[in-house]
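Engineer: Show me how the following folds:
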Amino acid sequence: MTKIDFTDRVAIITGAGGGLGRAYALALAERGAKVVVNDLGGDVHGEGGTASAAQLVVDEITAAGGQAMVDGSDITDEAAVQKMVSTAIDTWGSIDILINNAGILRDKSFAKMGTDDFRKVVEVHLMGSVNCTKAVWPHMAEAGYGRILMTTSTSGIYGNFGQANYAAAKSGLVGLMNVLAIEGAKKNIKVNSIAPTAATRMTEDLLPQQVLDIMGPETIAPGALFMVSEDAPTKTILGAGAGVFAVSQMVETRGVYLPEGARTPEVVAERWAEISDVNDTTPLESAFEQTSKYAALAARELGLHLES
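Structural biologist: Got it, this is the predicted structure:
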């Protein structure tokens with residue numbers, strides 16, 4: 001088994017002052033990475049700010065013989081993010097890894113949620129990740145190497161009551177990953193997502209202590225490190241928690257062609273069991289692949305020959 005090593009790699013981890021981000025930072029540093037520990041230092045709702053938590057993580061890393069620096073940038077501030085990236089490059093020469101981990105919660109049912117709270121959560125999770133990714137992208141493209149990990153959530157994949165804002169942002173990150181994995185392929189930039197479930201300050205009030213005891217952030221870190229390693233996959237969602245790892249995929253049923261005279265809502269309803277049959281599903285690599293699939297299915301039913 002080849003040891004996964006990050007010697008001389010430079011990593012930026014947002015929201016690394018505690019919880020998952022701290023676990024990622026410590027684990028990467030232990031394997032040789034130089035780590036930018038970014039954390040605004042606010043509370044779980046995004047209020048306040050102090051660099052003390054991030055400094056403690058840096059102190060842990062340096063005490064163990066590693067290299068790390070504190071960054072207290074607000075990831076929703078594009079200029080501050082650009083400065084964070086420039087400082088890391090000026091200090092260490094490159095940016096090889098970005099883990100977009102920072103986030104906040106402002107949970108309420110959709111009916112009771114104000115649009116300000118909706119917008120703020122989307123701004124931090126989705127646009128914060130966009131800002132950080134945009135800042136590192138040209139450097140990774142020029143170097144011909146990059147590993148980016150988005151933090152999605154089962155709330156975004158499957159839904160969760162009271163988290164419409166959070167789920168919308170997390171689902172948006174999957175879409176962002178899908179496109180960037182395609183666009184980054186020629187430059188050896190691999191883009192993945194992790195859907196973690198862990199005992200952190202964002203979940204401590206939601207889960208019983210017995211469950212929290214087996215779901216520490218350290219149980220997720222090995223999966224995150226693999227997803228930003230040299231031999232990582234790309235365009236992949238890794239679920240992780242309590243030492244369990246699984247891949248989530250969006251798949252599509254085989255599809256049913258309806259001839260022109262039968263394209264009515266009633267026929268769709270009549271054939272719904274066939275249309276929604278998940279026994280023969282396939283993942284699609286891009287939006288155009290779906291277009292090609294539908295065109296080929298329709299052409300076959302119509303007796304047409306499509307040139308490849």
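Engineer: and whichever helix or strand residue 169 is part of, average pLDDT?
Structural biologist: Using DSSP states H and E, residue 169 falls within helix 164-184. The predicted model assigns helix 164-184 a mean pLDDT of 98.
Engineer: wait, doesn't residue 227 sit right on residue 236?
Structural biologist: Yes. Using CB atoms under 8 Å, residue 227 and residue 236 qualify as a contacting pair, with a distance of 7.3 Å. No exception for glycine: its C-beta is placed from N, CA and C like everyone else's.
Engineer: Please enumerate the shared neighbours of the two.
Structural biologist: Shared contacts of residue 227 and residue 236 (CB atoms under 8 Å, 6 or more residues apart in numbering): residue 192.
Engineer: Those two: who's more crowded?
Structural biologist: residue 227 (25 against 17; other CB atoms under 10 Å).
Engineer: Just the strands from the stretch 151-300 of the chain, written as ranges.
Structural biologist: 189-196, 237-241, 244-248, 251-252, 282-283 (DSSP state E, counting those that start in this stretch).
Engineer: Ok, the stretch 1-150 of the chain next?
Structural biologist: For the stretch 1-150 of the chain, applying DSSP E, counting those that start in this stretch gives strands covering 10-14, 34-38, 67-71, 97-100, 146-151.
Engineer: Now these in CSV, please, with extra columns for mean neighbour count and mean pLDDT.
Structural biologist: Below are the strands of the stretch 1-150 of the chain laid out as CSV (neighbours: other CB atoms under 10 Å; pLDDT from 0 to 100):
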stretch, mean neighbour count, mean pLDDT
strand 10-14, 28, 98
strand 34-38, 29, 98
strand 67-71, 21, 97
strand 97-100, 29, 98
strand 146-151, 26, 98
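Engineer: could these be laid out in CSV, adding distance to residue 164?
Structural biologist: As requested, those are arranged in CSV below (distance: least, CB to CB, whole Å):
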stretch, distance to residue 164
strand 10-14, 23
strand 34-38, 27
strand 67-71, 31
strand 97-100, 21
strand 146-151, 18
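Engineer: quick one, which of those is nearest to residue 117?
Structural biologist: Evaluated over the strands of the stretch 1-150 of the chain, closeness to residue 117 peaks at strand 146-151, with 19.5 Å, by CB to CB.
Engineer: export that closest one as CSV, just CAs?
Structural biologist: Output in CSV follows, covering the C-alpha atoms of strand 146-151 (Å, rounded to 0.1, in the frame of the first residue of the first chain):
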residue,chain,number,x,y,z
GLY,A,146,-4.8,21.3,-8.3
ARG,A,147,-7.0,19.5,-5.9
ILE,A,148,-10.2,21.2,-4.7
LEU,A,149,-12.7,19.7,-2.3
MET,A,150,-16.2,21.3,-1.9
THR,A,151,-18.2,20.6,1.3
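Engineer: Name the residues that touch that strand?
Structural biologist: Strand 146-151 has contacts (CB under 8 Å, 6+ apart) with 20, 95-101, 103, 125, 129, 133, 136-137, 139-140, 170, 173-174, 176-177, 180, 184, 187-196, 224, 227-230, 232.
Engineer: can you list the weak-confidence ranges in the stretch 51-200 of the chain?
Structural biologist: Within the stretch 51-200 of the chain, the ranges that satisfy pLDDT under 70 run 51, 199-200.
Engineer: Helices of this protein, start to end?
Structural biologist: Remark: helices assigned in the chain by DSSP state H are 19-30, 52-63, 78-92, 115-122, 128-143, 154-158, 164-184, 209-212, 221-227, 265-270, 272-275, 287-302.
Engineer: Take those and write them to a markdown table, including distance to residue 249.
Structural biologist: Converted to a markdown table, these look like this (distance: least, CB to CB, whole Å):
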| stretch | distance to residue 249 |
| --- | --- |
| helix 19-30 | 23 |
| helix 52-63 | 33 |
| helix 78-92 | 31 |
| helix 115-122 | 24 |
| helix 128-143 | 21 |
| helix 154-158 | 10 |
| helix 164-184 | 11 |
| helix 209-212 | 26 |
| helix 221-227 | 15 |
| helix 265-270 | 25 |
| helix 272-275 | 20 |
| helix 287-302 | 14 |
